[in-house]
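Trainee: Turn this into a structure:
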Amino acid sequence: MSTRSRLAWTWIVRLTMGPVAIVTLTVAVLFVVFSSWEATHGRDIETNSRVMTTVLGDIEYAVVGTGVPHLSIHGTRQSSYLIANIASSGRPVV
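Mentor: From the prediction side, this is the model:
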């Protein structure tokens, strides 16, 4: 490998590693922030958790907030975000 091609290869590696490092750092920071949010949200739900017995079995639910309630049925991450946003505005979520 010639000196010129080695120099070109070195610059390609340098230019590639910068964006890779930035993306890796961003993902790591977002993971830490999300994990913290999820732990706090989970504690809120567990603290306010109640169980209701129905004909079809037990249902676990939580009431968070005050005012006119908003009924939300979970099952996806998006619904968790929606619930957290509504609850953070002070409206109750069942």
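Trainee: can you count the residues close to Val20?
Mentor: For Val20, the neighbour count with other C-beta atoms under 10 Å is 9. Where C-beta positions appear, they are placed from N, C-alpha and C, glycine not excepted.
Trainee: so how far is Val32 from it?
Mentor: Here the criterion is C-beta to C-beta, to the nearest Å. By it, Val20 lies 19 Å from Val32.
Trainee: can you pull out the helices in this structure?
Mentor: 3-47, 77-88 (DSSP state H).
Trainee: And those: which comes nearest Tyr61?
Mentor: Closest to Tyr61 of these, according to C-beta to C-beta: helix 3-47, at 9.5 Å.
Trainee: Which strands or helices does the closest one pack on?
Mentor: Packing partners of helix 3-47 (3 or more C-beta pairs under 8 Å, 6 or more residues apart in numbering; DSSP states H and E): strand 57-62, helix 77-88.
Trainee: So which bits of the first one are buried?
Mentor: Residues of strand 57-62 classed as buried under the neighbour-count rule (16 or more other C-beta atoms under 10 Å) are Tyr61, Ala62.
Trainee: Please shift the residue numbers so they start at 22 in all later answers.
Mentor: Done: numbering now begins at 22, and the last item shifts to strand 78-83.
Trainee: pLDDT (mean, whole number) over that strand?
Mentor: Throughout strand 78-83, pLDDT has a mean value of 82.
Trainee: partners of that strand, with directions?
Mentor: strand 70-75 (antiparallel) (DSSP bridges).
Trainee: what's next to the strand it pairs with, contact-wise?
Mentor: Asp79, Ile80, Glu81, Tyr82, Ala83, Val84 (C-beta atoms under 8 Å, 6 or more residues apart in numbering).
Trainee: and of these, the nearest to Ala49?
Mentor: For the contacts of strand 70-75, the nearest to Ala49 is Ala83 (30.7 Å; C-beta to C-beta).
Trainee: Distance of the nearest residue to that closest one once chain neighbours are set aside relative to Ala108?
Mentor: Spatial nearest neighbour of Ala83, excluding adjacent residues (C-beta to C-beta, 6 or more residues apart in numbering): Asn69 at 4.2 Å. Taking C-beta to C-beta as the measure, Asn69 falls 10 Å from Ala108.
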